[in-house]
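A.B. asks: Mind folding the following:
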Amino acid sequence: MSLTQKQENFCLAYIKCGNASQAYRESYNTEKMKAEGITVNASKLLANTNVALRVQELRTKVETKAIMSVAERMELLTKIAQNITFDKDGNAGFSDATRAVDLLNKMDGIYIQKNQTELSGAVGVTFQIDTSAADENS
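C.D. replies: Numbers count the residues shown, from 1 in each chain. Predicted structure coming up:
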């Protein structure tokens, strides 16, 4: 995809501010333009296939950087787990460390959540086992 420098600047400004008209003002000479003209030109620019693809590419990069990876989360939780704090009496506070270890164990799949369901009363399901086929094969 080939963009002019002004189009690239527009894409970067648009990702930064989220407003096409503002991004257009930052990227193009708009001194003699009316607000309506800026809005129309910004809209046309966003409709340009190459510009739209570049905006999407930049959005993906921003979203990827904004989300912590599993390794980053585990590293942060490990640091929290290793950072045991002490109160004024010298007693260790394990609350945050314990929660961090708990979350790490869940992320690693060490904990298996077990759900126990208790049923009472009539369920209304009948099972029938056909043993005739088993008798024929014997």
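A.B. asks: switch to C-alpha atoms for all contacts and neighbour counts from now on
C.D. replies: Fine.
A.B. asks: helix, strand or coil for residue 29?
C.D. replies: coil (DSSP: H, G, I helix; E, B strand; the rest coil).
A.B. asks: residues near it, how many?
C.D. replies: Close neighbours of residue 29, defined as other CA atoms under 10 Å, add up to 10.
A.B. asks: So what's the residue count around residue 32?
C.D. replies: Neighbours of residue 32 (other CA under 10 Å): 7.
A.B. asks: phi, psi of it?
C.D. replies: Note on residue 32: backbone dihedrals following degrees, to the nearest 10 are phi -100, psi 10.
A.B. asks: Report the separation between it and residue 25.
C.D. replies: For residue 32, the distance to residue 25 equals 11 Å [CA to CA, to the nearest Å].
A.B. asks: Is there a neighbour count for residue 38? I'd like the number.
C.D. replies: Neighbour tally, residue 38, other CA under 10 Å: 19.
A.B. asks: May I see the buried residues of the longest helix seen in the chain?
C.D. replies: Taking DSSP state H as the criterion, the chain has its longest helix at helix 49-66. By neighbour count on 16 or more other CA atoms under 10 Å, the buried set for helix 49-66 is 50-51, 54-55, 58-59.
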